[in-house]
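1. Need a 3D model of the following:
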Amino acid sequence: MHVQEWLDTVPAAAVYAVVALVIGLESLGIPLPGEIILVSAALLSSQHGGIDPVVLGACASAGAVIGDSIGYAIGRKGGRPLLAWLGRKFPKHFSEGHVATAERSFQKWGMWAVFFGRFVALLRIFAGPLAGVLRMPYWKFLIANVLGGIVWAGGTTAVIYYVGVVAEDWLKRFSWLGLVVAVLIGIASMLIVKRRASRTRPEAEPVVAGE
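-> Here you go, the predicted model:
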């Protein structure tokens, strides 16, 4: 079952909770499809009156900020051994190459890596724990974390919601336009058939008379 179809089967409160939980766990460092869940829920909110996009965006933002903060605390306490353990458990996401790439980004961009990392799937998982491992000052991390979480989660919700509303409205208009076009084609076809029939009828009558 697709994510959006599954979300459509649960109450609105459960949708908010699932979005916040999945994004929070992803931000904490667990490789989960947080962006897919958020996009599906935002698109559903554009078609489902019971899901408020503002509440959805707020829950997603809260999950992102809280999850990243917990990941930061875990990374600061666990240090390098934590990254090695994650590499063994999740080699696809926490391989030495991925860790090295993320670490170079943090060393080069600092708190901006936390902010912009929110928009990149790999860095979104790394941001919190790696910032803690590298002992980035918490106040810098917190500012970048809050701003990045709000802009990413709230912005994604808003964009997908309005795209869904516009698309649904366009599809409704398209359906009416399609119906009108189909009717016009049907009428035109009927007139063409009648016209051709009226032209061929006089030619057929003399043959019948001769027989």
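
2. Which residue lies nearest the spatial centre of the chain?
-> In the chain, the centroid-proximal residue (CA atoms, centre = their mean) is Val39; its distance is 2.3 Å.

3. got a list of what that residue touches?
-> Shown in contact with Val39 (CB atoms under 8 Å, 6 or more residues apart in numbering): Thr156, Ile160. Bear in mind the C-beta positions are built from the backbone N, C-alpha and C, glycine included.

4. same thing but at 6 Å, please
-> Ile160 (CB atoms under 6 Å, 6 or more residues apart in numbering).

5. What sits closest to Ala42 if chain neighbours are left out?
-> Ile160 (3.7 Å; CB to CB, 6 or more residues apart in numbering).

6. How about Arg76?
-> Closest residue to Arg76 apart from its sequence neighbours, by CB to CB, 6+ apart: Gly132 at 3.5 Å.

7. Could you count how many residues lie near that neighbour?
-> 25 (other CB atoms under 10 Å).

8. returning to what we had before: the residue nearest to the centre of the chain: which element?
-> Assigned by DSSP states H and E, Val39 belongs to helix 34-45.

9. Ok, Phe106 next?
-> helix 96-109.

10. rewinding a little: what about the helix holding Val39, distance to the chain center?
-> Per CA atoms, centre = their mean, to the nearest Å, the displacement of helix 34-45 from the mean C-alpha position of its chain is 5 Å.

11. Also stretch 89-99?
-> 24 Å.

12. Likewise for stretch 73-82?
-> 30 Å.

13. what does stretch 129-138 give?
-> 28 Å.

14. Next, the buried residues of that stretch.
-> Across stretch 129-138, burial judged by 16 or more other CB atoms under 10 Å covers Pro129, Leu130, Ala131, Gly132, Val133, Leu134, Met136.

15. can you check stretch 96-104 too?
-> His98, Val99, Ala102, Glu103.

16. Tell me which two of those sit farthest apart.
-> Comparing every pair within the buried residues of stretch 96-104 by CB to CB identifies His98 and Glu103 as the most remote, at 9.5 Å.

17. Wait, the residue nearest to Arg76 touches Gly75, no?
-> Yes - Gly132 is in contact with Gly75 according to CB atoms under 6 Å; the separation is 2.7 Å.

18. Let me see the ranges of the helices in the protein.
-> 3-7, 12-28, 34-45, 53-89, 96-109, 111-117, 121-133, 138-149, 155-210 (DSSP state H).

19. ranking the ones you listed by burial, who's on top?
-> helix 121-133 (a mean of 25; mean count of other CB atoms under 10 Å).

20. And it, what does it pack against?
-> With contacts taken as 3 or more CB pairs under 6 Å, 6 or more residues apart in numbering; DSSP states H and E, helix 121-133 sits against helix 53-89, helix 96-109, helix 111-117.

21. need the contact list for the residue nearest to Ala42.
-> Val39, Ala42, Leu43 are the contacts of Ile160 under CB under 6 Å, 6+ apart.
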